[in-house]
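Asks: structure for the following, please:
(one chain, ligands or ions: 2)
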Amino acid sequence: MADTATPPVIRRADYAPPAFLIDTVALEFDLVAERTVVKNTMRVRRNPDATRAAHLELLGERLEFVSAAIDGAPYAAVRPNEHGLTVENVPEAFELTLVSLCKPIENTTLSGLYVSSGNFFTQCEAEGFHGITYFLDRPDVMATYTVTLRADKAAYPVLLSNGNLLEEGDLPDGRHFARWEDPFRKPCYLFALVAGKLVCVEERVKSGSGKEKLLQVWVEPHDLDKTRHAMDSLIHSIRWDEERFGLELDLDRFMIVAVSDFNMGAMENKGLNIFNTKYVLANPETASDTDFANIEAVVGHEYFHNWTGNRVTCRDWFQLSLKEGLTVFRDQEFSADMAGGQSGASDEAARATKRIEDVRVLRQMQFAEDAGPMAHPVRPESYVEINNFYTMTVYEKGAEVVRMYQTLFGRDGFRKGMDLYFKRHDGQAVTCDDFRHAMADANGRDLTQYERWYSQAGTPRVAVKTAYDAAQRSYRVTLTQGYGDAAPAARETQKGALLIPFAIGLIGKDGADLPLRLEGEASATPATTRVLELTETTQTFTFVDVAEKPLPSLLRNFSAPVIVEYDYTAEELAFLLAHDSDPFNRWEAGQRLATRELLALTGRAATGVPLQLDDSVVAAFARVLSDESLSPAFRELALILPSEAYLAEQMAESNPAAVHTARQFVRQRLATALRSEWLAVYEQHHAPGVYEATSKASGHRALKNLALSYLAELDDPAEAVRLASAQYAAANNMTDRSAALSALLNAAAAGGGTQAQDALADFYRRFEQEPLVIDKWFALQATQRGSAQRPVIDTVRKLMTHPAFNLKNPNRARSLIFSFCIANPAQFHAEDGSGYAFWAEQVIALDALNPQVAARLARSLELWRRFTPRLRDGMHAALEKVAAQAKSRDVREVVEKALA
Ligand code: B3K
Ligand code: ZN
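Replies: Ligands and ions are numbered 1, 2, ... in the order given. Predicted coordinates:
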């Protein structure tokens, strides 16, 4: 394809079964970084369910063809072409042997076979396998694999692949080999190999049915002291999947390998998960509480894929959410159960904090995606580059779509649906419809309408109207659904009303839940939350026997991924924040209150009007801060203001500078008005001494560090600087150390002081040998607050020349470039366009090295049309520049859709 040609669009409607099937694959690798030889012997046959084709068309990329043989005899009718290889006039069934070469050391895309820190790794999802050998690189072609690895023994003492180790031994010339066999049929995207100087921790555990399993976590030798948490997380995941879903580990051996150069979080290759080091390595000195929680979640996620993704996989990549939405839902439930189990707090409160965190991510990022040019349904209709569709919509909205089955049918009903899904489809490559049908059939429900959750893009809105009739003692709730003013990309997919499970409670004057009885029911149910099923555009639900005018608690626990439109007064929100029995909605009330106030202030800031904060808002927050009946983790979440990105997104015209001014103003007001409360909370929750990694202890740290960050906002931050310096010096864990450093940086932005610079220098020296911590060092500086005199772009540009910066390492690129462009909106969107110029340079530079990472960065300007005119022009120019120079399909798709 010519560099500037518009790449072809792949459409779901064009799906056709493969003309050939591959039943077995035997791979032999002679691993040499500069030139790896791959011999691939496949049993191929015609697919009886497909249209007949004379030739076998295999995909291949960056490969050098060496030779071909059919049934052992050299075969000459083979033509390499721009997509791969055509094997002409093949028989009905045959053994095809292909030999080819690839160059792992030159592969900077981190897809296919590549080298990182001198070791070999692979990444095949979605379509990286055909960078390793010629193949039918599509998930509905499933085969069993045997893999033989040969390499220099001194340079690559460890040789790993999927499944079970059959044999290993020495070869002449200092080389050795290992042979692996994966007994389960799998699509090629789940293939993996690892070779290099690695060490492991291992444990043997017994699975539910009593079989012994070998678990290993492989890392570079200096990281062995950071593997305990990943191993524990793996053991917990195995137990949890047995208990909750009756799903057992099916292999004798399960391995996790950490690699520092990796495009995403981790990869669920069968029996050989490959992880970004960020989601494996942790000890209290180097990893924050958030890191610990993320590791548990990602280890769980990849492990859970063993059933939801590997045993039952996707028929085609449009079905990606079949495995990703479901597996995200499973990892969310796992983390919620784990937090509930160990915190000592009530299960429900601990589960709610996890739910709040998940919903915050969804609303901040998926809702934004839905509002832009990349908006797509959970099951997309088309794509140019599939790697661009590992999105918030497929993952996070997809998880909500799965969660709603559980909301509708309960845990037991959901479990029945899962059981039926595995009974019907184990070993198959299937579709989102197959999953929906299993849920429907197991629960005796018609879920035809539910299909729209998979095919309609955009964020649904539910407008709520209520009416209390005192004489009749009835309360009417009218729900109306629609999509509002949706983005064009979303609008074209919207066909009709959704089935929306809408959980509701009614609250009385004393703050307690009222009994619920719907018209036509004989009596009230014991449960004080009811899931209404909204299936029409407009529907009225009438509650009877309602003794007083209630306050509605709407969409409890965020029972559907929608926006609720209801005009609460500020007093009502403060009341819900103080009383709602649904912890999610308590948090939600505070967020609504803050959002409303912040948006009003943003409007004033944009026009230069002086700012004022209503005392009732301060009072509502003060009550949360001092409410000892709430867990510290919950209080921390409730006291964090909505993010700048989320607020900007709520505006008719996003104005990041005004949002920043308004949000900072509110933070300063809350800091000043509640100074003594923050100080008291700081002292009370500061627990020097032995570090505990429990979710309870992390809640205390989170609340304390939030208090510190508010104290750093005071006009006179001397007290905060003193506390932060002391905390920095005494810290025995990364959560406290990085929070202290961040407070020092923010205090310095306001008033100077050398403590921040000293601490930064100390932090670097202390952790010079820990790349993941140095990533934090870059990120803290990229996201720091700036000023007119000291814009952060200057710091970022200077850091780009730091010896520790390396554009080829995705974690490092993300820590500096992405942090600045995505997580520091007020500085990135500088009026002079300096941020956009930087963005364009970096997208173009990354495009030449690693298109997947470049495309992620490219997406950060996709909402450009929604900004103020001056910023819009600046972003448009930067997008045009990238569109003129970018070469990869990945980046081209993103910028062309943004500009369309
Ligand atoms: N399935 C992988 C993601 C692969 C991304 C390819 N660009 C990780 C996961 O979701 O578990
Ligand atoms: Zn996944």
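Asks: which bits of this structure sit near ligand 2?
Replies: Taking C-beta under 5 Å from the ion as the criterion, the neighbours of ligand 2 within the chain are Glu324, Thr327. The C-beta positions use only the backbone N, C-alpha and C, and glycine is treated the same way.
Asks: longest helix in the chain, by residue count?
Replies: Criterion DSSP state H: the longest helix present in the chain is helix 398-425.
Asks: buried residues in whichever strand or helix holds Thr478?
Replies: When elements are defined using DSSP states H and E, Thr478 is found to belong to strand 474-482. Along strand 474-482, these residues count as buried under the neighbour rule (16 or more other C-beta atoms under 10 Å): Tyr475, Arg476, Val477, Leu479, Thr480, Gln481, Gly482.
Asks: contacting residues around the residue nearest to Tyr450 when sequence neighbours are not counted?
Replies: Counting by C-beta to C-beta, 6 or more residues apart in numbering, Tyr450 lies nearest to Leu499, which is 5.2 Å off, once chain neighbours are set aside. By C-beta atoms under 8 Å, 6 or more residues apart in numbering, the residues touching Leu499 are Leu447, Gln449, Tyr450, Arg452, Trp453, Glu533, Leu534, Thr535.
Asks: again with Ala900
Replies: Taking C-beta under 8 Å, 6+ apart as the test, what Ala900 contacts is Pro373.
Asks: what sits against Asp513?
Replies: Each residue near Asp513 by C-beta under 8 Å, 6+ apart is listed here: Gly505, Leu506, Ile507, Thr528, Thr529, Ser581.
Asks: same check on Pro688?
Replies: Ala730.
Asks: tell me the SS of it?
Replies: coil (DSSP: H, G, I helix; E, B strand; the rest coil).
Asks: now do the one 3 residues further on
Replies: Remark: Tyr691 carries the secondary structure label coil [criterion: three-state DSSP].
Asks: any idea how many residues pack against it?
Replies: By other C-beta atoms under 10 Å, 17 other residues sit near Tyr691.
Asks: local confidence estimate at it?
Replies: At Tyr691, the model reports a pLDDT of 90.
Asks: check whether it really touches Ala730, as I assumed.
Replies: No. Contact criterion C-beta atoms under 8 Å: Tyr691 and Ala730 do not qualify, at 11.7 Å.
Asks: before we move on, the earlier item: now the contacts of Asp513 in TSV, with secondary structure, neighbour count and pLDDT?
Replies: TSV is the format used below for the contacts of Asp513 (DSSP: H, G, I helix; E, B strand; the rest coil; neighbours: other C-beta atoms under 10 Å; pLDDT from 0 to 100):
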residue	secondary structure	neighbour count	pLDDT
Gly505	strand	21	98
Leu506	strand	23	98
Ile507	strand	22	98
Thr528	coil	19	97
Thr529	coil	18	98
Ser581	coil	16	97
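Asks: can I get those in TSV including distance to Leu772?
Replies: What follows is the contacts of Asp513, written out as TSV (distance: C-beta to C-beta, whole Å):
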residue	distance to Leu772
Gly505	43
Leu506	48
Ile507	45
Thr528	46
Thr529	42
Ser581	41
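Asks: closest to Pro552 among these?
Replies: The shortest approach to Pro552 among the contacts of Asp513 belongs to Leu506, at 6.0 Å (C-beta to C-beta).
Asks: which ones are touching that closest one?
Replies: Taking C-beta under 8 Å, 6+ apart as the contact definition, Leu506 lies against Tyr475, Asp513, Leu514, Leu516, Thr528, Phe543, Val546, Pro550, Leu551, Pro552, Ser553.
Asks: can we see that at 6 Å?
Replies: Taking C-beta atoms under 6 Å, 6 or more residues apart in numbering as the criterion, Leu506 is in contact with Leu514, Pro550.
Asks: next: Leu637.
Replies: Leu637 sits next to Ile356, Trp587 when contact means C-beta under 6 Å, 6+ apart.
Asks: and for Phe29?
Replies: Counting by C-beta under 6 Å, 6+ apart, the residues that Phe29 touches are Val38, Leu149.
Asks: what bridges to it?
Replies: Applying DSSP bridges to Phe29 yields these beta-bridge partners: Val38, Leu149.
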